[in-house]
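In: Sharing a model prediction with you, sequence too.
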Amino acid sequence: MSAEESSKEERSGVRFDLEKETELRFEVESGEQVQLELLSGLAEVFGSELNRSKRYTFDSGCKIAVFTWQGCAVQLSGKTEVAYVSRDTPMLLYLNTHAALEQMRQQADREGERGPRVMVVGPTDVGKSTLCRILLNYAVRVGRRPTLVELDVGQGSISLPGTVGALCIERPADVEEGYSVQAPLVYHFGSTSPGTNIKLYNKITSRLAAVFNQRCEVNRRACSSGCVINPCGWVKGSGYQALVHAASAFEVDVVIVLDQERLYNELHRDLPYFVKTVTRPRRGGVVERSKDYRRESRDDKVRDYFYGFRGGLYPHAFDVRFSDVRIYKIGAPTIPDSCLPLGMSQEDNQLKLVPVTPGRDLVHHLLSVSTAEGGAGDSVIESSVAGFIVVTAVDPERQVLTVLSPAPRPLPKNILLIMDVGRVYL
């Protein structure tokens, strides 16, 4: 095929006729966009139904699977890195999992009990986030209002990397944008790896669970709909202990283990007898993400937060006086045990608030705006986040920071927490 014919085919699109219970998998080439259109039949992307004759646009690096239960015809336009149809799909198993969870919700309605709390676990890049999205979308489509609990501080689907959070899901995820995040509950962690401060990670996990329990006490629909928990992919050592801690904090009923028999056996051994532990296969087409891809994905999330999906928002730049804010880092640097005060352990430092004096090294740092009223350690750590700002300039002589904010001045609160998720250039 000549270059001219290839270019013409990309513009006009390639048609795929899918038989029932098959899926079209494609990846968008770096720096390109691909458009998808459902021509006939019914199809879905990760549990979200496609509308007929609507053109969906996917950006560089997206990995998409279009599944059909009855059969359909779709058209792809643009440069794909790969595009193929597969019969080897676990969607029937995933649907059966949803059906079992829905039976538990129906029983919860009848008996006035709480609905299923599900945790999807496994190493990185086995499709945990995708399965969570499918289960949530299917639940919403039958009238439920489940809660997504995001404990993956490395990527995060609710807020920015370096945070944990919860979001009540009221409608299926948008095929292009994902979930509508109008009012998420978010807590600051400050790093993209739980291992940098495992004590803080476990503490805010417990706090998130406590707040979710409080919501369930006053919202019957949220209580019976339950939650789906997406933890990090760190499943060994302290990471494994963090999984067990999260399961205990949220009092999970079901743990779904993806693609790792050893992890299944360990959790089956260590979790209470009433927790149902099951295995499910990973999705075909799931590929390992490189460090560069993960970093670019985090940068995209930060950019979308300030500028909106594909640039639909306009952030505000303004000055903030040093005297009007208090900036902290959670966790003091590790020091030799011989230098610690008598009776103090290194762990005590992990929850310490360390005041930060604004300097030029703060430029291009992301800061969480805490909702805390006071400056005490626990009150700041256990307070949710109102939003985020980026420091674009520091003027020590005038004693002011220049910040970029999604909302106009003034800042809603004056306690700011440093995020160590890489420098931000917007």
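Out: Ah, there it is.
In: host element of V186?
Out: Using DSSP states H and E, V186 maps to strand 185-188.
In: and what of R105?
Out: helix 91-111.
In: Quick check, S30 in contact with C62.
Out: No - using C-beta atoms under 8 Å, S30 makes no contact with C62, being 10.8 Å away. Any C-beta I mention is one placed from the backbone N, CA and C, and that applies to glycine too.
In: Of those two, which one has the most company?
Out: Shown here are S30 and C62; by other C-beta atoms under 10 Å, C62 has more neighbours (15 against 11).
In: Run through the residues that contact the more buried one.
Out: By C-beta atoms under 8 Å, 6 or more residues apart in numbering, C62 lies in contact with 27-28, 34.
In: Could you do N137 as well?
Out: Contacts of N137 (C-beta under 8 Å, 6+ apart): 44, 46-48, 172-173.
In: Going along the chain, name the helices of the stretch 1-150 of the chain.
Out: For the stretch 1-150 of the chain, the helices defined by DSSP state H, counting those that start in this stretch cover 3-12, 91-111, 128-141.
In: Got the confidence number for the residue nearest to E373 when sequence neighbours are not counted?
Out: Of all residues not flanking E373 in the chain, S379 sits nearest, at 7.2 Å (C-beta to C-beta, 6 or more residues apart in numbering). S379 is assigned a predicted lDDT (pLDDT) of 89.
In: What of G422?
Out: pLDDT, G422: 81.
In: Which strand or helix spans it?
Out: G422 belongs to no helix or strand, assigned by DSSP H and E.
In: what do you get for R262?
Out: Judged by DSSP H and E, R262 forms part of helix 261-270.
In: So which bits of that helix are buried?
Out: 263-264, 266-268 (16 or more other C-beta atoms under 10 Å).
In: Equivalent analysis for stretch 103-113, please.
Out: Result for stretch 103-113 [16+ other C-beta under 10 Å]: buried residues 104-105, 108.
In: same thing with stretch 14-30?
Out: Neighbour-count burial for stretch 14-30 [16+ other C-beta under 10 Å]: 16, 18, 22-28.
In: Out of the helices and strands in this protein, which is least certain?
Out: None of the helices or strands of the chain scores lower by mean pLDDT, DSSP states H and E than helix 3-12, at a mean of 52.
In: from what I can see G61 touches G31, true?
Out: No - taking contacts as C-beta under 8 Å, G61 lies outside contact range of G31: 9.2 Å.
In: where in the stretch 151-300 of the chain is pLDDT low?
Out: Within the stretch 151-300 of the chain, the segments meeting pLDDT under 70 span 285, 287.
In: all strands for it, in order.
Out: If DSSP state E, counting those that start in this stretch is used as the criterion, the strands of the stretch 151-300 of the chain fall at 163-168, 185-188, 227-230, 254-258, 276-280.
In: Can you work out which other helices and strands pack against the longest one?
Out: For strand 163-168, the elements it packs on are strand 147-150, strand 185-188, helix 198-218, judged by 3 or more C-beta pairs under 8 Å, 6 or more residues apart in numbering; DSSP states H and E.
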